[in-house]
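Chemist: sequence first, then the predicted structure, then my questions.
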Amino acid sequence: MAIPEQMLSETRSPAAGKIPRHVAIIMDGNGRWAAARLLPRVEGHRRGVEAVRRTVRACRELGIGYLTLYSFSSENWSRPPDEVGDLMGLIRRFIRKDLADLHASNVRVRIIGMREGLDPDIGAMLQEAEALTALNTGLVLVFAFNYGARQEILAAVRQAASAIADGRLAPEALNPETFARYLDTAEIPDPDLIIRTSGEQRLSNFLLWQAAYAEFVFTPVLWPDFDRAALESAIAEFSGRDRRFGGRRAAGSP
Ligand code: IPE
Ligand code: IPE
Ligand code: MG
């Protein structure tokens, strides 16, 4: 039987050992970082944007193919309006300030999550970021923005159901590969490594379908303090893991 593509998704570089092809990060702990310094929460979010810049640079330097950043969840709307406003302001500023540099660095930007419910100017900026960088061939930088995995899966189910109802898809043709084409992450390989900062150990509605065989690394580092060393340490932990995908260890190993 052929080995599914996702199982061959790690690339090897002699210097760095096993490098994950796709790293996804739940960027958590901005509020606690600020509280520990008696600063307003927005300052934690601002410093979080600096950590995003550092992490994108480190991923480019390490030759990682895909970086997904959980930036705003479907459930984050339940925060107080001023904090939601601060977070929306930061994404606007980030795109305005950083898009040209990302493009010049050959980064391709993709956005997953719902566009409905966003301020129209933010929707337009996200669209512009994707369109401008669509032909770039370097790091694929995926922002999960207004994203919730259950919502994503339900939207995909709805599309698949209407394709079946219209006769465009035979029910027997629906399998994990064909279903995944209806997800926001179509054409993005599943994450190999999911990192969550701040010590929390949960997915919070992030990539529930795609995480089926991801390796998890939970670090106590708060997101605003995350840097290349923290990323390398998570990758080192990943490279020591034995990924079996339900099978057995390679012949010759114990
Ligand atoms: C992560 O930091 C940023 C977002 C969820 C947008 P938090 O704001 O969740 O920080 P904590 O968890 O309260 O410390
Ligand atoms: C998850 O963090 C969402 C993002 C990082 C964008 P939260 O801080 O919102 O998650 P919970 O509420 O602690 O699960
Ligand atoms: Mg949090």
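Modeler: Arrived safely, thanks for sending. Numbers count the residues shown, from 1 in each chain. Ligands and ions are numbered 1, 2, ... in the order given.

Chemist: what separation do you get for the residue of the stretch 101-250 of the chain found nearest ligand 2 and A211?
Modeler: Closest contact between the stretch 101-250 of the chain and ligand 2, by C-beta to the nearest ligand atom, is at S204 (3.7 Å). (Each C-beta comes from the backbone N, C-alpha and C, glycine too.) As defined by C-beta to C-beta, to the nearest Å, S204 lies at a distance of 12 Å from A211.

Chemist: buried residues, stretch 199-219. List them.
Modeler: 203, 205-207, 209-211, 213-219 (16 or more other C-beta atoms under 10 Å).

Chemist: which of these sits closest to A34?
Modeler: Closest approach to A34 among the buried residues of stretch 199-219 (C-beta to C-beta): T219, at 18.6 Å.

Chemist: need the max-distance pair from the buried residues of stretch 199-219.
Modeler: W209 and T219 (24.1 Å).

Chemist: coming back round to it: including secondary structure, could the buried residues of stretch 199-219 go into TSV?
Modeler: What follows is those, written out as TSV (DSSP: H, G, I helix; E, B strand; the rest coil):
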residue	secondary structure
L203	coil
N205	coil
F206	coil
L207	coil
W209	coil
Q210	helix
A211	helix
Y213	helix
A214	coil
E215	strand
F216	strand
V217	strand
F218	strand
T219	coil
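
Chemist: quick one: what helix or strand has the residue of the stretch 101-250 of the chain closest to ligand 2 in it?
Modeler: Using DSSP states H and E, S204 sits in no helix or strand.

Chemist: can you offset everything so residue one is 58?
Modeler: That works, and once the first residue is 58, the last one we named lands at S261.

Chemist: which residues does it contact?
Modeler: If a contact means C-beta atoms under 8 Å, 6 or more residues apart in numbering, then S261 has 83, 127, 130, 132 as its contacts.

Chemist: for the second one, grab phi and psi.
Modeler: If I follow you right, that is Y127. In terms of degrees, to the nearest 10, the main-chain angles of Y127 are phi -80, psi 110.

Chemist: near ligand 1, which residues of the protein show up?
Modeler: Contact residues (C-beta under 6 Å from any ligand atom) of the chain with ligand 1: 84-89, 129, 133, 144, 255, 280.
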